[in-house]
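[1] 3D model of this:
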Amino acid sequence: MKRNVMARKRFAATVLVGTLVAGSLAACGSSSDEETKGSTTEQTETAGTDTNTATNTETETPKQQDPLKLNIMLPIFKTNFPKDDSPVAAQIEKLTNSDIHFEWVPNASYSDKLNITLASGKLPSIIYIDNVKGASFVNAAKSGAFWELSSYLKDYKFLSAANPVILNNSSIDGKTYGLYRSRPLGRNGIVFRKDWLENVGLSEPKTVDDFYNMLKAFKEKDPDKNGQNDTYGMVLVKWTGGWASGFDTIKLWFGAPNKWGVQDGKLVPEFETPGYMEALRFMKKLYDEKLINQDFAVYDSAKWVDPVVNNKAGVIVDVIDTAARIDDKIHAALKEAGTEVPDDQNFMDVVGGVTGADGTLHTLPTSGFAGMLSIPKSSVKSEDELKRVLGFIDQLSEPELQTLASFGLEGTHYTKSGDFVEPSKDSVLLESEVEGLNQMLTFIPETTAATVKQTPLRLKQTALIKENEQFIVPNPAEPFISEVYSQKGPQLDNIINDARIKYIVGQLDEAGFLAAIELWKKTGGNDLVDEMNKLYAASGGK
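    The predicted structure is shown next:
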C-alpha cells in the first residue's frame, strides 16, 4: 500500500492544564470521549540523475515498508462498533501504512478484561489502560512488561510536545509507561433535559435541594407530557466506584474529599469522612424513592444515554459534553420518526454542579487525561518496531487523521458547512463505522480535527468546562504509588464498593457499612493509610 505524502502545519498553542488532579477516570467517558488527531509526514527519497554524464540514470524509489501490523485493545461505549474492514478503518490503514485489528471491549467490563489480559501475558500491540495507578498495571509496568517511553518522545512531531505536568500525573515513579489521552480538567457536571425542566415549571438547579426537586419532578410530574407515569430522574451505570460512577461527583457536593482527604495534617480515606456518609444517605434516598434506575449496579454504560434519548429519564451526572451528543441523538430520533425540528432547538442543558451546605461549588476534576495507550514488550519486541508504533500514534495527531477518526469520511459520515463539520444523523451508520475510533487518539498536544458548528449548547459546555477549573477538588494522594495498593488494591476496593451498593439498596444499614470499613482496615487498609501518610509527609504534605 502506497502512503500519501502529507504535510500539515503544526498548531502552535499547547493545552493549558493545571496541576490539580483527580482520581482515575473510567469512562465516560466515555460515553463522553470524543476527540481525535492526525498523520505525520513521510518523506520519499529518490536517487537523482547525474547531469554531468551522457548516460541516463534511472530514478530509484526506496522499497515501501510492509504495513505495520497492529492489534489494538480499546473500550467501546455502544453495542455497535467499527469492524476491521469498515471504510473509515480502511482509510486510516491506508494513510498510516498499517494493518489494524481492533479488539473492542464494552466499557462497563473493561477493567475486568484488562486485568484478565494482563494476567494472561497475551497482550496486543497497543492497549488502553483505564486506571494507570491500578494495582495490576503498576505491577506489570514495574516488572518490565511495558516499554518505558520517556527517551523516545522527543523524536516525534506531536508527542514531543506532551504536557510535562500530565506526563508526571500519568507516570509511575516518574517513568512514562504510556501515552496519556489529553482531557480538560473541568469536564464533569450535570446534564439534563431542558424541555422537561420547562414542562415541570422549574429553573436550572443551583443547590442540592434544587437537584433533588428536579429528579422528583421528573418522576412525578409527567415531564414528557404523555399522560403516563413512565419516567424517572437520573440514570446511573454499573457501579464500579470509578470516576464515571456519578457518585464520585455527587459526594463532593456534601463536602466529601476526592479519594483522600486531609485531617489534622494527615491523609484519611474519603469513606471515613462525614461528607461521604451524608452523600450515601442522599443516594439511598434517591434509590428508595425510585428517582434513579433500580438496576444501576448492573446497568451497562453502553446504554447510559438511551433512557434520556427515549424519554424515560432526564438527568445524567457525567462529563458536560455528553449534553450535545445526547441532543444530536434526540434530533436524529425525531428525524427518523418524521417529526424533525430545527437543529437550533436544544433539548438538553448543562450546569457545572450544585452547591451544598457551604454554598460553594465542588467539582470533580479529571487528571488532565483519560487513561493512556501503553505498548507491551511481549507483542512489540524490538526497538525498531516500537518506533514504528510510536510513529503510528504520533501520526494520528495530524488534522486529517484526527478528523477521520472523529467524524469519518466526508460525504458519507459528515458534510462540510463552511469551516464546520455536520455529522450524519444516521446513528446506526456512525456507530458501526466511526464511533469508538477516537478512543485511540491522544490529542497530544491538542485537538487538531475539524469541529462541529458551535451551537449555543456547545458554547455553554465549553465555557462551563473552563469555569469548573476554579472549583475542582484535587486528590492530594494522586502522585503517590503505594506498594500495599499494588498488592491489595482490587481486594480493598471491592470491600468498599460492595458495601456502598448494599447500603444504597438497603441490604446494609450504617452499622453494616462501618463494619465493612473495619474489614477494609484489617485486610490491608491500615497498612495502606500508614504508607500513604509516609509518602505524603515525604512530599512535604502538599
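
[2] how far away is Gly338 from Gly121?
    53 Å (Cβ to Cβ, to the nearest Å). Where C-beta positions appear, they are placed from N, C-alpha and C, glycine not excepted.

[3] so what touches stretch 530-542?
    Where contact means Cβ atoms under 8 Å, 6 or more residues apart in numbering, the residues beyond stretch 530-542 that reach it are Trp260, Gly265, Lys266, Leu267, Pro476, Ala477, Pro479, Phe480, Ser482, Glu483, Val484.

[4] where in the stretch 101-250 of the chain is pLDDT low?
    For the stretch 101-250 of the chain, the stretches flagged by pLDDT under 70 are 239-245.

[5] list the buried ones in whatever helix or strand Pro490 lives in?
    In the assignment (DSSP states H and E), Pro490 maps to helix 483-504. When neighbours are counted by 16 or more other Cβ atoms under 10 Å, the buried residues of helix 483-504 are found to be 484-490, 492-493, 495-504.

[6] excluding chain neighbours, what is closest to Gln263?
    The shortest distance from Gln263 to any residue other than its chain neighbours is 7.7 Å, reached at Thr273 (Cβ to Cβ, 6 or more residues apart in numbering).

[7] and Gly189, by the same measure?
    Nearest non-adjacent residue to Gly189, counting by Cβ to Cβ, 6+ apart: Ile320, 4.2 Å away.

[8] what do you get for Arg181?
    On the basis of Cβ to Cβ, 6+ apart, the spatially nearest residue to Arg181 that is not a chain neighbour turns out to be Ala370, at 4.9 Å.

[9] list the pairing partners of the helix or strand encompassing that neighbour within its sheet, with orientation.
    Using DSSP H and E, Ala370 maps to strand 369-374. Strands that pair with strand 369-374, judged by DSSP bridges, come out as strand 126-129 (antiparallel), strand 179-182 (antiparallel).

[10] related to what we said a few turns ago, which residues does the residue nearest to Gly189 contact?
    Arg187, Asn188, Gly189, Val191, Val350, Gly352, Gln461, Leu464, Ile465, Asn468.

[11] out of those, which one sits closest to Asn438?
    Distance from Asn438 was checked for each of the contacts of Ile320 by Cβ to Cβ. The minimum falls on Arg187, at 15.2 Å.

[12] with adjacent residues omitted, what lies nearest to that closest one?
    Of all residues not flanking Arg187 in the chain, Val319 sits nearest, at 4.7 Å (Cβ to Cβ, 6+ apart).

[13] equivalent analysis for His101, please.
    In space, not counting the residues next to it along the chain, His101 is nearest to Asn71; the distance is 4.8 Å by Cβ to Cβ, 6+ apart.

[14] report the contact partners of Gly275.
    Taking Cβ under 8 Å, 6+ apart as the definition of contact, the neighbours of Gly275 are Lys251, Phe254, Gly255, Ala256, Pro257.

[15] so of those, which ones are in helices?
    Helix and strand membership here follows DSSP state H; of the contacts of Gly275, those in helices are Lys251.

[16] the helix or strand containing Leu519 to helix 483-504, inter-axis angle?
    Under the assignment given by DSSP H and E, the secondary-structure element containing Leu519 is helix 510-520. On the basis of axes from the mean of the first three to the mean of the last three Cα atoms, to 10 degrees, helix 510-520 is oriented at 170 degrees to helix 483-504.

[17] what does the strand holding Ala370 rub up against?
    Applying Cβ under 8 Å, 6+ apart, the external contacts of strand 369-374 come out as 24-25, 27, 29-30, 33, 126-132, 137, 141, 146-147, 166, 169-170, 177-183, 393, 440, 442.

[18] I figured Pro269 hits Asn526, correct?
    No. Applying Cβ atoms under 8 Å as the test, Pro269 and Asn526 come out as separate, 10.5 Å apart.

[19] so for these two, which residue has more residues nearby?
    Each of Pro269 and Asn526 had its neighbours counted (other Cβ atoms under 10 Å), and the higher figure belongs to Pro269 (21 against 12).

[20] so the more buried one versus Ser417, what's the distance?
    Using Cβ to Cβ, Pro269 is found at 51 Å from Ser417.

[21] just Lys284 next, same as before
    Applying Cβ to Cβ, one obtains 48 Å for the distance of Lys284 from Ser417.

[22] residue contacts, Asp91?
    Quick fix: residue 91 is Gln, not Asp. Going by Cβ under 8 Å, 6+ apart, Gln91 touches Leu404, Leu409.

[23] I meant Asn311, not that one.
    Contacts of Asn311 were listed using Cβ under 8 Å, 6+ apart, and they are Asp224, Asn226, Thr231.

[24] can I get these in CSV with distance to Asn293, neighbour count and secondary structure?
    Putting the contacts of Asn311 into CSV (distance: Cβ to Cβ, whole Å; neighbours: other Cβ atoms under 10 Å; DSSP: H, G, I helix; E, B strand; the rest coil) gives the following:
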residue, distance to Asn293, neighbour count, secondary structure
Asp224, 16, 17, coil
Asn226, 19, 10, coil
Thr231, 11, 21, coil
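
[25] that older thread, Gly338 and Gly121 - which one has more neighbours?
    Each of Gly338 and Gly121 had its neighbours counted (other Cβ under 10 Å), and the higher figure belongs to Gly121 (11 against 6).

[26] got the contact list for that one?
    If you count contacts by Cβ under 8 Å, 6+ apart, Gly121 has them with Ser378.

[27] with only the CA atoms kept, save stretch 111-120 in CSV.
    The C-alpha atoms that make up stretch 111-120 are tabulated as CSV, following Å, rounded to 0.1, in the frame of the first residue of the first chain:
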residue,chain,number,x,y,z
SER,A,111,-11.4,-3.1,33.9
ASP,A,112,-12.1,-6.8,34.4
LYS,A,113,-11.0,-7.6,30.9
LEU,A,114,-7.8,-5.6,31.3
ASN,A,115,-6.9,-7.5,34.5
ILE,A,116,-7.5,-10.8,32.8
THR,A,117,-5.5,-9.7,29.7
LEU,A,118,-2.5,-8.5,31.9
ALA,A,119,-2.6,-11.8,33.8
SER,A,120,-2.6,-13.9,30.6
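
[28] contacting residues around it?
    Residues external to stretch 111-120 that are found in contact with it (Cβ under 8 Å, 6+ apart): 26, 73, 105, 123-124, 127-131, 134, 136-137, 140, 145, 240, 242, 490.

[29] restricted to strands, list these.
    Among the contacts of stretch 111-120, the members found in strands (DSSP state E) are Met73, Val105, Ile127, Tyr128, Ile129.

[30] any idea where the helices of the stretch 101-250 of the chain begin and end?
    Along the stretch 101-250 of the chain, the segments classed as helices by DSSP state H, counting those that start in this stretch run 110-120, 135-142, 164-169, 194-199, 208-220, 247-253.

[31] quickly compare those and say which is most buried.
    Of all those, helix 247-253 carries the top mean neighbour count, a mean of 25, counting by mean count of other Cβ atoms under 10 Å.

[32] the closest residue to Ile126 other than its chain neighbours: neighbour count?
    Ranked by Cβ to Cβ, 6+ apart and with sequence neighbours excluded, the top spatial neighbour of Ile126 is Ile72, at 4.6 Å. Taking other Cβ under 10 Å as the neighbour definition, Ile72 ends up with a count of 22.

[33] how much space is there between Ile72 and Ala323?
    Note on Ile72: its distance to Ala323, by Cβ to Cβ, is 29 Å.

[34] what would the contacts of Asn311 look like in CSV with distance to Thr455?
    As requested, the contacts of Asn311 are exported to CSV (distance: Cβ to Cβ, whole Å):
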residue, distance to Thr455
Asp224, 23
Asn226, 27
Thr231, 26
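
[35] with mean neighbour count and distance to Ile330 added, can I get the strands paired with strand 369-374 in JSON lines?
    As requested, the strands paired with strand 369-374 are arranged in JSON lines below (neighbours: other Cβ atoms under 10 Å; distance: least, Cβ to Cβ, whole Å):
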{"stretch": "strand 126-129", "mean neighbour count": "24", "distance to Ile330": "29"}
{"stretch": "strand 179-182", "mean neighbour count": "24", "distance to Ile330": "27"}
